[in-house]
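In: sequence-free structure coming up:
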């Protein structure tokens, strides 16, 4: 079999890691300037992959906006390959919505630059989630290049990878990492030795006559003499050829050669978290835990509060009160907030394994994201409340974003004067729910009234709707809690508080009893920044 070695030039661009973002950006500017000059100087240097991202181009053009035209031309010509990701995220530490938004932003941005690399790319994530094939398939991507986490049970460089829902992609594994051929000698004798090593390591793992050879590594600029190296390699190789190509070209070549034999490829499903062949660095999962907490909070704020409420408020506004302009403003602000959050998702950012200076930048991005999300969230809540409240009345409004009626615990913040605290929330039918103070504080430095957060049970709030509650003060007799009671129950469960602070839960439906719940273990674990 005649082997076809496809050399893919690339760089792996960690936006921040052992240097903060701006220091790496200075290197990025020099690398990109040199790359454009290399493309112009050497027609034999055909392609370069920008790490499956579009974010580095945004960062570069903020400093060198005059280079946008040559960048877009190279992308349109298929010489500079970008996307489909915006950033290269850690796959386990961001949520599903962030994964989707990362690809949405990356693909949209790549198309604006001139074209998207339609191959999934996650070469350095610390393991791979089981659902990645399904996420990629949702964007029409049917292949992915991966490295870390693939175990010894995978014997070939190419295999079929299925998600739990059955979605499948062609996985291309980099058995020796993305930097396998980062440095290549230009002398003929040394190159012959390198080619021998390359063949002995990669050929046995290939499922077709096509062998992928990555040429690049962390923050490495393009190899200026590569076209000459490939020409010399073709003089040395007797039963093989070498060419300068791309990841999409490699995937297409594998599929074409396999043809009807594609289904004969080995198939695997589930996540890849093995350290058999590469370190997945599991200690980063608990390094700088506040990062993981803050990321989850921001993602929930945008995806579960700010965006759906902004959409809801838009539907309630009159077209005559500037609603279209307000909606466009909210959309742009939310897009900006998502990009700030996604910039904190890469595998050297949210993992907590970078130098301390990086986390000053990360924290600031979180702050900005929260500020935008909360501003839109509270403005939308105000608009919804104004639309829902009876004319001339001050009400609390409970909203239900689910598609089924819902009864649940709500909170409302109310400025009150001494002796005027409301005691009940009363709906339009006159049904009153008692209010329970859960938090107290000063309303503002100017308004000296006390700010009280009350909790109450909002009953039967309509699906995809809201219910207004008047806050009233009623004379009520204080309830006397039963002395010695240590359990609560309903028709399904009985929960008992034990003397050691743990809970025992009895499931009345099948008699199962779970003991020792609510126990917290405090142990030393500060993670591992490797």
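Out: Happy to help now that I have it. Source: prediction; values computed, not measured.

In: in the longest helix seen in the chain, what counts as buried?
Out: When the chain is parsed with DSSP state H, its longest helix is helix 356-388. For helix 356-388, a neighbour-count test (16 or more other Cβ atoms under 10 Å) marks 358-359, 361-362, 365-366, 369-370, 372-373, 376-377, 379-381, 383-385, 387-388 as buried. Quick note: C-beta positions are derived from backbone N, CA and C, even for glycine.

In: repeat for stretch 192-203
Out: So for stretch 192-203, counting by 16+ other Cβ under 10 Å, buried means 194, 195, 198, 199, 202.

In: chain center to that stretch: distance?
Out: In this view, stretch 192-203 has its centroid 37 Å away from the chain centroid, taken as Cα atoms, centre = their mean, to the nearest Å.

In: same thing with stretch 452-466?
Out: Here stretch 452-466 is found 31 Å from its chain centre; the criterion is Cα atoms, centre = their mean.

In: now stretch 434-441
Out: With Cα atoms, centre = their mean, you get 36 Å for stretch 434-441.

In: Likewise for stretch 290-308?
Out: Its chain's average C-alpha position is 11 Å from that of stretch 290-308, according to Cα atoms, centre = their mean.

In: gap between the two ends of that stretch?
Out: Start-to-end span of stretch 290-308 (Cα to Cα, to the nearest Å) is 26 Å.

In: Mind listing what's buried along that stretch?
Out: Within stretch 290-308, the residues that count as buried by 16+ other Cβ under 10 Å are 291, 292, 294, 295, 298, 299, 301, 302, 303, 305, 306, 307.

In: Over to stretch 228-241?
Out: By 16+ other Cβ under 10 Å, the buried positions in stretch 228-241 come out as 229, 230, 232, 233, 237, 240.

In: Contact partners for the spatially closest residue to the second one that is not a sequence neighbour?
Out: Read that as residue 230. Distance criterion Cβ to Cβ, 6 or more residues apart in numbering; nearest residue to residue 230, sequence neighbours excluded, is residue 242 at 5.2 Å. Going by Cβ atoms under 8 Å, 6 or more residues apart in numbering, residue 242 touches 5, 7, 213, 230, 233, 234.

In: Residue 242 is in what secondary structure piece?
Out: For residue 242, the element it lies in under DSSP states H and E is strand 240-244.

In: before we move on, what about residue 514?
Out: For residue 514, the host element (DSSP H and E) is strand 513-517.

In: Against which helices or strands is that strand packed?
Out: When contacts are defined as 3 or more Cβ pairs under 8 Å, 6 or more residues apart in numbering; DSSP states H and E, strand 513-517 sits against strand 503-507.

In: Look at stretch 254-268 and report the distance between its end residues.
Out: End residues of stretch 254-268 are separated by 18 Å (Cα to Cα).

In: quick one: buried residues of that stretch?
Out: Applying 16+ other Cβ under 10 Å to stretch 254-268 flags 254, 255, 258, 265 as buried.

In: How far does that stretch sit from its chain's centre?
Out: Distance, centroid of stretch 254-268 to centroid of chain: 31 Å (Cα atoms, centre = their mean).

In: What lies in contact with that stretch?
Out: 153-156, 158-162, 168, 170-172, 207-210.

In: How about stretch 460-480?
Out: Residues contacting stretch 460-480 (Cβ under 8 Å, 6+ apart): 384, 388-390, 393-408, 412, 414, 420-428, 432-435, 454, 456, 458.

In: Of all the residues in it, which ones are buried?
Out: Residues of stretch 460-480 classed as buried by neighbour count (16+ other Cβ under 10 Å): 461, 466, 467, 468, 469, 470, 471.

In: got it, and stretch 267-285?
Out: Buried, per 16+ other Cβ under 10 Å, within stretch 267-285: 271, 272, 273, 274, 277, 278, 280, 281, 283, 284, 285.
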